[in-house]
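# predicted model and sequence below, questions to follow.
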Number of protein chains: 4
Amino acid sequence: MSVKVAVAGASGYAGGELLRLLSSHPEVEIGALTAGGNAGTALGVHHPHLVPLAGRILVETTAENLAGHDVVFLALPHGQSAGIAEQLGEDVTVIDCGADFRLTEAEVWVEFYGGEHAGSWPYGLPELPGQRDKLRGSNRVAVPGCYPTVSTLALLPAVQHGLVDPTQLVVVAVSGTSGAGKAPKTHLLGAEVMGSASAYGVGGVHRHTPEIEQNLTPYAEQPVSVSFTPVLVPMARGILATCSAPIADGTDLAALRQAYEDAYRNEPFIHLLPEGQWPQTQATLGANTVQLQVALDQRTGRAVIVAAMDNLTKGTAGGAVQCMNLAIGLDEALALPLVGVAP
Amino acid sequence: MSVKVAVAGASGYAGGELLRLLSSHPEVEIGALTAGGNAGTALGVHHPHLVPLAGRILVETTAENLAGHDVVFLALPHGQSAGIAEQLGEDVTVIDCGADFRLTEAEVWVEFYGGEHAGSWPYGLPELPGQRDKLRGSNRVAVPGCYPTVSTLALLPAVQHGLVDPTQLVVVAVSGTSGAGKAPKTHLLGAEVMGSASAYGVGGVHRHTPEIEQNLTPYAEQPVSVSFTPVLVPMARGILATCSAPIADGTDLAALRQAYEDAYRNEPFIHLLPEGQWPQTQATLGANTVQLQVALDQRTGRAVIVAAMDNLTKGTAGGAVQCMNLAIGLDEALALPLVGVAP
Amino acid sequence: MSVKVAVAGASGYAGGELLRLLSSHPEVEIGALTAGGNAGTALGVHHPHLVPLAGRILVETTAENLAGHDVVFLALPHGQSAGIAEQLGEDVTVIDCGADFRLTEAEVWVEFYGGEHAGSWPYGLPELPGQRDKLRGSNRVAVPGCYPTVSTLALLPAVQHGLVDPTQLVVVAVSGTSGAGKAPKTHLLGAEVMGSASAYGVGGVHRHTPEIEQNLTPYAEQPVSVSFTPVLVPMARGILATCSAPIADGTDLAALRQAYEDAYRNEPFIHLLPEGQWPQTQATLGANTVQLQVALDQRTGRAVIVAAMDNLTKGTAGGAVQCMNLAIGLDEALALPLVGVAP
Amino acid sequence: MSVKVAVAGASGYAGGELLRLLSSHPEVEIGALTAGGNAGTALGVHHPHLVPLAGRILVETTAENLAGHDVVFLALPHGQSAGIAEQLGEDVTVIDCGADFRLTEAEVWVEFYGGEHAGSWPYGLPELPGQRDKLRGSNRVAVPGCYPTVSTLALLPAVQHGLVDPTQLVVVAVSGTSGAGKAPKTHLLGAEVMGSASAYGVGGVHRHTPEIEQNLTPYAEQPVSVSFTPVLVPMARGILATCSAPIADGTDLAALRQAYEDAYRNEPFIHLLPEGQWPQTQATLGANTVQLQVALDQRTGRAVIVAAMDNLTKGTAGGAVQCMNLAIGLDEALALPLVGVAP
C-alpha cells in the first residue's frame, strides 16, 4: 500500500513536524508541499532537519496543487482550512491541524474565534471513549489543540469516574514557544523568551478553554468548567500541564490511581508513571506520548494530575498522523515514536 | 554610619546574591565571608561576577568567625541556622535566609521538616500589614521562602478583602533552577533542565505550603488552604506564580483590581501592572520587585492573579537586605534595585 | 550637576540598556525618549523592567524632540544616525551607538556597509592607548560594535608587544541573540535559537571585521588581518570570544601574561582572571566588565586569549555611558556596574 | 537475524542514546543493561524517555552479566573499558564509546590521559578513506570522541587535497553540556550553564586534540597541528565546530567546495549544505548527520569550514551503532535517523 500525502502549510512548525513523522512512515509517499509566502523556495531553507526532503520546492496552497492525493494535511493558520477543505473531494481524507472544525457549538466558536462557524468534524482524539471507532474510515478529522489534548487526557479518568468536582477544574500549563507558531513576533524572539516565564490568555479567554470543556462534559454529570492559564517558558517544545480539582466525597488516592491505570492500560501512547516518578517534558520530546502522574492532596482535598507532552508531536502532528492511520485503515501506531529524545 | 556585615554560606547562590547587593550598599562594610566545604578558597572561584570581592578568602562557618559584626546573614542549608544563631549575641542582628525560624507552629514544623522546632523569629515580609513595624529594630529576622513571598503577595489583597474563598486557593508556580541551590545533583544538571519542565513536591508536600497558609490565615475569615505545585523550568532565576481562587459572591473585576491598587500603591517594590499587561519574570531579574496582574474569569467564577519575581533577589537576598535596612534603622530601599536586567 | 539626556531609539535593546544604566546615574536627568514605529506608546510596554520610567510616553525620533538636551544617545538602526546627528548642534554631546561614524576609511565603509560614508567620530573605546584623552571633552563619540570591543581588548596587548603574528589572527565569538536586535525575524525566534548554535557572516563578511582591524593596526608592525566568525548561541546576552594567533619567536607564557597584566592593571573594567580560571559570560551579565584569560599552546605555537563580556552593557550601552562620563567631565565609572548578575 | 546486544553504562547519556537508537533497530534484541552505582534500579528512573525499556532493571557491570551477547557496547568512564574488554571473548563484537582504545601512540596516551596505554582498536569513523573496509567484520571498534568526529570530517577534504596549510588548523567548537556527562558537578548545574558560555581545556590540553591530529595526519603532507578550543554553551546537545586554516597557494572557493562535494557525495550521513545556507545544530538533533558549509575569506587567505552535529548521536551513540552495523555485516544505515528533531 502506498498512500499519497500532501501537506499544506509545510514551512511552519506543524508542517515540519508532520513531514518529520511522515518521512519515516512505511506506507506513505510524500506528494505536494504547499505554503503561502514561502511558495517557490526549497523546504530545506525552512526545515534543514528534513534532510531527505530538503530539495523539495514549496508550491502555492491551492486546491489544484492539493488535488490527486489520498490524504491532505492542513497545517494552516486558523480560519484558512475551511475554504480549502470544501474544494477537496469526499474521496480525499482531510486532516485539519487548525481549529476551524474543532468546536461543535456555533455560538462558542463565534465567542472565542469570531467570524462564521465552519461546522465540526470528527474530533481527532482517539483516546476519548468510543472515539477511535468514529475516526476509523472518516474522511475528515479535526485534530485537537495541543493544550486540549494534554488537559483532556489528564482530567478525563477523574471526571469520568466522578472522583472530582468537574465544575472547579484548574489547569495551569507551561509550554514551549513553538506552540505560538513561526510567524515572527517581538514577544517570541529568543532574547525575550530565554530566561523568562510569562502567562498569557489569562482569565478564561484562551481559545483552547471551550475545547477542553467540550471534551470533558459528555463524561461528567454536569457541565464542566475549567479555569485554564497557559504560561510560556524558555523551551522550544513541550507542555507540562498541572491540573487539579476538588475531590468528590470518598475519593482516595487508590481509587484515583486505579481510574488512570484502567483508562490507559491499553493505550499505546498514554503512560501513567510508576508511583513517585513525576513527568518531565524532555521525556516526551519528539515522541507521540503523554506521561502522567497523580497525587491526592489530603490537606486541601484536591486531586492533582500532572501531564507532559510534546506540543508538536502528540499535541499536533503526531496526533494528526495517528488519526490518518485510523482513518485510512492502517495500524494506528505506524511511524509514531514511543521513545523521546533526551537529554 | 558603617555597618559591618558577615555572610555565612557565601559560596552558595543566596550568599552570592547577598554579596551582589551588599557590595553596592552605601552603609555597609563587608566583613567575614564563611563557608562549609569551600572554606579556604577565594570567593571569586565560586562567584566570578563579584569582582570587587573576588580575592576574599572564605573562612569556616563558626561563631568565632562571625563574631564582631553588626549584622550576620545566614545563608545556610535548612537546619543549620539555629545552632549558629544561638551562639551569636543579642547585640548582633541576625538575618536568617533559611527555614529554621519561619514557622510558628511546632507541630507543622515537625510535619514538614522533621526534627525539633527551633522557634520562630519576626517574619521578614514587610509588605504584610503591620509587619514593617515589627521588623524595625528587631535583632532577629526569618526571611521568607521564595514561593511564599510571591504567593502571599499575590493572594493577600483578595483574601484580606474577602473577595475570594480562602479555602480553595490554587498556586502553580514555575521557577528557575537556582531556587534548588548549588549542591550538585543529577536532576539539576544543565542537560537535564534545558528543554524540560517538571513538577515536584506535588500534592501539598512542598515545605513552602504551610508557610503560605500561615501568612494568609490571619487575614482571612477562616483557615486558609492552598494547593501548591512548584514546576521547574529552564531558566536560572525567576518565579512566575499563577494563583487562583473562586470569587466570593458579588466580586467583580473592578473590586478585585481596586484591592490590589490599594494594597500596593505605597509599596516601593510591589507593582500592579497596567491593565492588559501581564508579568514576565525577565522584568524582575536582579531587582527587588514583584510584578502583578489580576483577572476575573467570569465563566468559571475564579479570580486569577499572576505574579513575577526573582527568587534570589526579592525572593531571598533582596528581601533579606530589605529586612536588614528596617532592622537597623536605614532607609528600607537602600541598595535594592527597582530596575531589572532585561532582555 | 544635572545632565539632561535624551535617548533616540528607546524601545530597542540598546535603548533599554542605556535607560537601565542612566536611571541609576546620579548626575543624569532623563529627558526625551524617542522611537520610530513605537512612538506614542508607553516605555513600560516595551521594557517592563524599567519600572521608574514605565509610564513615559515615547515620542517620534526628530531633531525637535531631541533638542534642548545636554547629551543625546543615538540607538538607531545603522544608517539613521548621520541624518539626525547633523541636525543637533555642536553644544550637544552626541553618543552614537550605531555604526555610522566608526570606520575611518570611506572605501572600507562602502565595501562593508554600502552607501555614502558619513565620516568618523572619536572612537569610544577608552582602553585604547591614548584614547581616553581624546574622548574627554569630545562632543561626538562613535561607540564601538560589541564584537570589536571584546576582540580588540582581547588581542591588543599581544599585538602591541609584538608577541603574536598580527596577520594571522583568528576570532570565533559566540553571542547571545540580543546582539541581533529586537526587530522580529524568523531565525531569531525563541523556538529557533533555543537548543541551537549557528554561525553567520562567515568568511570575513561580518561588518565588525574591518573595525577590529582598524583598532589593532596602529599598534602592530604591519597591517592586522583577522579571520572573524560570529556564532549565535541560546542565550539572551553575552559574548565569549576565543582569539588566537601564532606566537612570535621567543614568546613564552610569562611574557604573554605580563603584557595583559600591565595593559589592564589600572583599567577599572578589564580584568585578567587568576591563573587557571576561565571567563564565563554569566559573570559579566549586566556589568560593564570584560574578563580575560590567556594561554599558550606550546604544541601549536599559538597564543589563545578568551574574553567574556555582556554585549549590551560594556559592548554597547555601558561603553556608551562610559564615553559620556568622559566626554562631559564626570568620573568615568559613574553608574557602571562592576558586579554582574549571576547565576 | 537477531543480534543480542548488551549496553554497559546504560544509565549515562551515551548509554541512553544507544538504547534510544537500538530500541528501533529491526535486527537487534536488547539484552543486559549494566551500570555502576545505579545497578538495581529501573532504567526508567534514569531515562524516562525510553518507554519500552523503562521497566528493565540495571545489573552490575561485570563480564558475567555481559556474557552471552553478540555485541557489547561499552559506555563507561574513560579507563574502565580495557579491564572489561579483555574478559570478553573474541566471538563478541565490542564497541567502545570510551577513549581507551582510540589513540595509537602510547606516549601520546600517557601525555593526555595518564596511566598505561591499553592499545588501539580499529577507529570507528567509517567516513575516513578506506576505514569502512577495516570496520567490516571487526570484532573490536573504538568509537571516536565527539569533537574529533566533527572536526575531522570538517577538515579532511581540505587537508587531503592540500588546499590548506595543515600545520595551522584552528578549531573552536561550541558544545551542549551533555558532552560533559551525567555525573553531577557544580559547574554543569542548570543555573550555571543557562545564560552562560565558557571555554575550557584551552591551550591544547583537551584530550581530543591529539585524536584530531592522529586522524588527519595520514592525509596530509606533513604532521597536522590543530589549535583546539571547546566552548560550553547553554544547550543540552549539539556541537558547532568553526574550523579554519590558511589556504595553500592557488586555492579558490570553487576548488574548496568541489573537494567537499566529492568527499561526501556518497556519504549517507555527511551533508554539504547548499551555498548560502549555514549549519545549525538544531537540524541535526537526534540524527546521525553532520551538516557542513565552507567559505573562503579572501581578505585573510583563510578557509573556514563550519560543521554541526549532535554530540550524542553521530558524535557517540549513532556513530557506535553505525560501526556495529558495519562490523556485523548489516546495512550501515540501519536504525540511524537522517531527520533531526526541530525546532
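Right, received. Where do you want to start?
# tell me the helix or strand right after the longest helix anywhere in chain A.
The longest helix of chain A (DSSP state H) is helix A:146-160. Counting by DSSP states H and E, the next helix or strand C-terminal to helix A:146-160 is strand A:169-175.
# number of nearby residues for residue A:290?
By other C-beta atoms under 10 Å in any protein chain shown, 26 other residues sit near residue A:290. Glycine gets a C-beta too; all of them are placed from N, C-alpha and C.
# okay, it and chain C: tell me how far apart.
21 Å (C-beta to the nearest C-beta, to the nearest Å).
# kindly report the same for residue A:156.
Taking C-beta to the nearest C-beta, one finds residue A:156 at 29 Å from chain C.
# I'd guessed that residue sits against residue A:125; true?
No - using C-beta atoms under 8 Å, residue A:156 is not in contact with residue A:125; the gap is 9.5 Å.
# just confirm residue A:52 contacts residue A:24, I think it does.
No - using C-beta under 8 Å, residue A:52 is not in contact with residue A:24, being 9.5 Å away.
# what touches both of these two?
residue D:339 (C-beta atoms under 8 Å, 6 or more residues apart in numbering or on different chains).
# looking at the two, which is more packed in?
Taking other C-beta under 10 Å, residue A:52 and residue A:24 do not tie; residue A:24 has more neighbours (16 against 13).
# now do the contacts for residue A:289.
Residue A:289 neighbours (C-beta under 8 Å, 6+ apart): A:269-271, A:283, A:309-310, A:314, A:338, A:340, D:51.
# out of those residues, who's the most crowded?
Going by other C-beta under 10 Å, residue A:309 tops those with 36 neighbours.
# separation between that one and residue A:285?
10 Å (C-beta to C-beta, to the nearest Å).
# shared neighbours of those two, which are they?
With C-beta under 8 Å, 6+ apart, residue A:309 and residue A:285 have common neighbours residue A:238.
# quick one: residues contacting the closest residue to residue A:99 other than its chain neighbours.
Distance criterion C-beta to C-beta, 6 or more residues apart in numbering or on different chains; nearest residue to residue A:99, sequence neighbours excluded, is residue A:78 at 4.6 Å. Applying C-beta under 8 Å, 6+ apart to residue A:78 gives the contacts A:98-100, A:113.
# could you tell me which of these count as buried?
For those, a burial check counting by 16 or more other C-beta atoms under 10 Å in any protein chain shown picks out A:98-100, A:113.
# nearest to residue C:180, of the residues you listed?
Distance to residue C:180 across those (C-beta to C-beta) is lowest for residue A:98, with 30.9 Å.
# count the neighbours of the nearest residue to the closest one once chain neighbours are set aside for me.
Distance criterion C-beta to C-beta, 6+ apart; nearest residue to residue A:98, sequence neighbours excluded, is residue A:81 at 4.5 Å. Close neighbours of residue A:81, defined as other C-beta under 10 Å, add up to 24.
# now do residue A:89
By the criterion of other C-beta under 10 Å, residue A:89 has 9 neighbours.
# before we move on, what about residue A:218?
12.
# got the phi and psi for it?
Here is the backbone geometry of residue A:218 (degrees, to the nearest 10): phi -60, psi -20.
# can you give me the distance of it to residue A:166?
From residue A:218 to residue A:166 the distance is 11 Å (C-beta to C-beta).
# wait, doesn't residue A:28 sit right on residue A:2?
Yes - taking C-beta under 8 Å as the definition, residue A:28 is a contact partner of residue A:2 at 7.5 Å.
# what ranges do the strands span in chain A?
Secondary structure of chain A by DSSP state E: the strands cover A:3-8, A:28-35, A:59-60, A:71-74, A:93-96, A:140-142, A:169-175, A:198-199, A:226-232, A:239-246, A:270-272, A:290-297, A:302-309.
# one step back: could you export the contacts of residue A:78 as CSV, including distance to residue D:174 and pLDDT?
Shown next, in CSV, are these (distance: C-beta to C-beta, whole Å; pLDDT from 0 to 100):
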residue, distance to residue D:174, pLDDT
A:98, 37, 96
A:99, 39, 96
A:100, 43, 96
A:113, 43, 94
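# what about stretch A:15-32, start to end distance?
Distance across stretch A:15-32, first residue to last, is 12 Å (C-alpha to C-alpha, to the nearest Å).
# scratch that, stretch A:159-172 is what I was asking about
17 Å.
# what does stretch A:165-182 give?
Per C-alpha to C-alpha, stretch A:165-182 runs 38 Å from first to last residue.
# likewise for stretch A:202-217?
End to end - C-alpha to C-alpha - stretch A:202-217 spans 22 Å.
# cool, stretch A:157-165 as well?
12 Å.
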